[in-house]
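Q: Got a predicted structure plus its sequence, pasted below:
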Amino acid sequence: MRIFIILLALISGLFGSALLWAQQKPSPIFIEPDAPEWIGMMLRDDANVFEVQQAYERYYRQHEWVKNNYTQYYKRWMHWSRHYVQPNGSIALPTPGEQAQSEAQRLQWRANSRPKGGQTGEKQQLTGWTFLGPNETYDINGTSKVTWQTNIYCVAIAPSNNDILYAGGETGGVWKTTDKGLTWVLTTKNVLHGSFGAIQIHPTDPNTAYAATSGKIIKTTDGGSTWASVYTENGLWVNQISINTDDPNIVLAAAEEGLLRSTNGGNTWADAFGEFSWAVKAKPDAPNTVWAVRDNGAGADVMKSTDGGATWTISNTGFYVPTGDRSVTGAIIATCPSNPDKLYIYLCGSGTDIYGYIGVYVSNDAGITWANTNPANSVGLPYSVPTHSNLMASNGTTGLQQGFYDMAIVVNPTNDQQLIAGGTSWYKSIDGGATWTGLGGYMGGLPWAHPDIQCTVAQGGDLWIASDGGLNYSADFGITHEARMNGISGADMWGFDSGWNEDILVGGRYHNGNMTFHESFPAGKYYRMGGAEAPTGYVNPSTERKVYHSDIGGHRIKGGFTNGRTSFGTSVFPNESYAYYANSEMTWYPECWNIVFLGYENQLYKSTDGGTTFSVHYSFPGTIDNKVYEVKYLAPTRNNVLLAVGRATTASGEVPTAGKPLRLARYYRYPTITTAQS
């Protein structure tokens with residue numbers, strides 16, 4: 001038996017595989033006039049995390065919870081904000097100087113913790129951590145390899161070698177492969193970073209690459225062994241990087257802060273223009289011809305340069321012009337290697353009648369003129385698959401969509417009529433965008449195609465699709481595909497628990513549902529248990545291998561990787577939250593593993609049958625906002641004391657204002673189970 005002691009924040013922040021910062025701040029979304037109050041609260045400059053959370057919870061006590069664009073935005077916003085939240089609930093973003101100082105401090109702490117000359121004790125323990133996974137994720141049959149592991153924002157194929165790729169994650173860092181994705185190695189262990197939004201590789205030297213993360217652009221010249229910051233700017237977020245294939249010293253970066261340009265390999269940078277820029281792409285056969293798309297208010301400008309980005313002109317003839325309450329909120333360029341004068345631009349937007357999608361526009365004359373690929377020039381309702389498919393929506397019409405956050409397009413390098421694009425689902429066109437059919441995700445028949453496309457790249461006969469779940473590789477442009485995730489170590493866990501008598505690890509993950517590992521599994525290989533994005537995961541310390549997840553219930557792991565699981569009934573689950581500070585747990589009585597306590601709303605629950613049924617053991621004063629956040633059993637050294645921790649109430653029984661500290665609210669002494677005021 002091995003005993004796992006998990007200190008997640010310490011490990012990832014100081015001594016783990018990476019120096020993590022935070023993900024990208026979600027771009028604002030279209031808000032209907034009848035949208036819930038909490039949506040507008042998140043978009044305010046003075047947004048307060050605690051107030052948003054309380055407003056969200058109040059709303060769903062009175063309304064049925066249905067997954068929609070708003071709830072998805074709430075999850076992304078909470079995931080971003082929790083890294084910056086202050087004790088009073090406000091948000092404070094670090095400056096580039098503060099990020100650099102933090103990076104230096106953490107690297108120094110890590111260096112100081114390394115054992116020297118047989119050193120033992122605390123320093124030895126701090127560096128004695130190894131990565132346990134998931135390295136690869138499988139269906140519960142133990143044979144079907146899937147993604148459902150790490151959200152990959154960007155991926156790039158080395159122009160000089162299809163076997164070499166770099167991939168950047170929402171969490172985890174930048175990984176590199178030299179065997180076409182069969183194995184991956186993390187390259188950014190010593191870089192303080194957030195999510196990686198863009199990455200690009202030198203045209204002839206695959207050891208040189210640029211990557212962009214929160215607040216900075218970094219560069220490697222030794223294949224990822226080391227990285228150096230080459231540009232920093234407060235709040236910087238880069239959407240795409242382009243390297244001139246004739247003169248690799250010319251580098252362009254399309255960022256929310258504008259289009260950046262370097263002429264000396266990233267040593268210095270200047271603004272080509274200052275408008276919010278979504279995309280930048282060079283002509284395949286003439287790299288001094290470059291296209292970019294920038295925001296111009298409600299619409300978008302197609303920008304064209306013929307001198308490597310030194311000067312630019314607007315090239316909007318025939319391009320989309322918004323009307324009414326419509327506006328452009330994102331754009332991606334797809335070039336055609338087999339027909340260099342041809343390119344496509346995929347547009348997403350907001351408006352009451354478009355449900356996130358504007359269309360795909362095409363130019364056959366190197367960006368001089370443009371036309372909608374839809375033969376009827378249709379934009380907005382009514383949608384109909386395949387003649388007027390909404391590529392942003394999960395069902396091709398008016399389903400779930402997440403705007404520019406989930407959006408990608410790529411052209412088959414050998415056939416300019418074949419495209420793959422999408423948002424929450426994958427779609428394919430074989431007629432130049434005139435019609436689109438479902439390929440994967442919520443639509444189509446491609447198996448194990450994770451929803452939510454983030455990036456697509458193709459070169460030669462290789463296609464890579466990056467999604468919220470990870471990386472899929474196809475050698476036949478999407479007819480078949482396979483997960484290639486071995487070593488991509490960025491699983492983003494909302495919840496976590498571990499076993500006692502046997503090594504069992506479980507956790508609910510952002511984007512990728514619940515995972516389970518048992519000591520009988522091959523090292524680094526985990527089950528995808530199902531579920532969506534609940535901050536959950538609990539293990540009964542008995543020998544029965546019982547695991548619990550709030551969104552899929554209870555299961556017994558049979559043992560042996562191909563033997564699967566069985567199910568058992570459950571009822572109440574603890575308070576769970578996307579915020580660090582607002583989760584309860586399932587706490588088992590160590591002398592009888594059928595006795596379990598948990599906090600739900602403002603009540604302490606007890607089960608005597610292993611969690612199948614529960615009864616209310618104690619109700620704390622105040623409203624259900626006075627949640628029980630933690631239940632801990634302090635035995636045997638503390639005389640069998642059970643602590644229940646929650647937000648304290650005022651004398652009138654009301655919950656204090658956001659930001660008040662948590663307080664010990666109640667304790668219980670066993671085995672007599674009496675109560676007393678704390």
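A: Perfect, I can see it now.

Q: Residue 351 contacts residue 329, doesn't it?
A: No: under the criterion of C-beta atoms under 8 Å, residue 351 makes no contact with residue 329, lying 9.5 Å away. From N, CA and C alone the C-beta is placed, and that goes for glycine too.

Q: Are there residues contacting both of those two? Which ones?
A: Shared contacts of residue 351 and residue 329, defined by C-beta atoms under 8 Å, 6 or more residues apart in numbering, comprise residue 30.

Q: ok, how many other residues are close to residue 365?
A: Number of residues near residue 365 (other C-beta atoms under 10 Å) recorded here: 12.

Q: ok, and the closest non-adjacent residue to it?
A: Sequence neighbours aside, residue 341 is the residue nearest to residue 365 in space, at 6.1 Å (criterion: C-beta to C-beta, 6 or more residues apart in numbering).

Q: ok, the one you found touching residue 364?
A: Yes: using C-beta under 8 Å, residue 341 is in contact with residue 364, at 6.4 Å.

Q: How much space separates the closest residue to residue 368 other than its chain neighbours from residue 244?
A: Nearest residue to residue 368, sequence neighbours excluded (C-beta to C-beta, 6+ apart): residue 315, at 6.2 Å. Look at residue 315 and residue 244: by C-beta to C-beta, to the nearest Å, they are 19 Å apart.

Q: what does residue 629 give?
A: From residue 629 across to residue 244, the span is 54 Å (C-beta to C-beta).

Q: Same check on residue 367?
A: 17 Å.

Q: And these two? Which one has more around it.
A: Neighbours per residue (other C-beta under 10 Å) separate residue 367 from residue 244, with residue 367 holding more: 23 against 18.

Q: List the contacts of that one.
A: By C-beta under 8 Å, 6+ apart, the contact list for residue 367 reads 291, 302, 304, 315, 343.

Q: same thing but at 6 Å, please
A: Residue 367 is in contact with 291, 304, 315, counting by C-beta atoms under 6 Å, 6 or more residues apart in numbering.

Q: Which of those residues fall within strands?
A: Counting by DSSP state E, these place 291, 304 in strands.

Q: if we take the contacts of residue 367, which one ends up nearest to residue 497?
A: Closest approach to residue 497 among these (C-beta to C-beta): residue 291, at 49.7 Å.

Q: check contacts around the residue nearest to residue 368.
A: So residue 315 contacts 302, 304, 367 (C-beta under 6 Å, 6+ apart).

Q: May I see the residues you listed organised as CSV, with distance to residue 551 and pLDDT added?
A: CSV is the format used below for those (distance: C-beta to C-beta, whole Å; pLDDT from 0 to 100):
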residue, distance to residue 551, pLDDT
302, 43, 98
304, 48, 98
367, 47, 98
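
Q: out of those, which one sits closest to residue 615?
A: Comparing the contacts of residue 315 against residue 615 with C-beta to C-beta places residue 302 closest, at 64.5 Å.

Q: Just list the residues touching the nearest residue to residue 319 once chain neighbours are set aside, thanks.
A: Once flanking residues are discounted, residue 319 sits nearest to residue 370: 4.3 Å by C-beta to C-beta, 6+ apart. Counting by C-beta under 6 Å, 6+ apart, residue 370 touches 318, 319, 361, 363.

Q: could you redo the last one with a cut-off of 8 Å?
A: Contact partners of residue 370, counting by C-beta under 8 Å, 6+ apart, are 302, 316, 317, 318, 319, 320, 345, 361, 362, 363.

Q: swap in residue 584?
A: 574, 575, 576, 598, 599, 600, 627, 628, 629, 630, 631.

Q: State the phi and psi torsions of the third one.
A: It stands for residue 576. Note on residue 576: its backbone torsions stand at phi -130, psi 140 [degrees, to the nearest 10].

Q: repeat for the fourth one
A: Reported as degrees, to the nearest 10, the phi and psi values for residue 598 are phi -160, psi 160.

Q: Would you agree it is in contact with residue 585?
A: Yes: contact status for residue 598 versus residue 585: in contact at 6.7 Å, counting by C-beta under 8 Å.

Q: For residue 366, see how far away residue 95 is.
A: In terms of C-beta to C-beta, residue 95 sits 41 Å off from residue 366.
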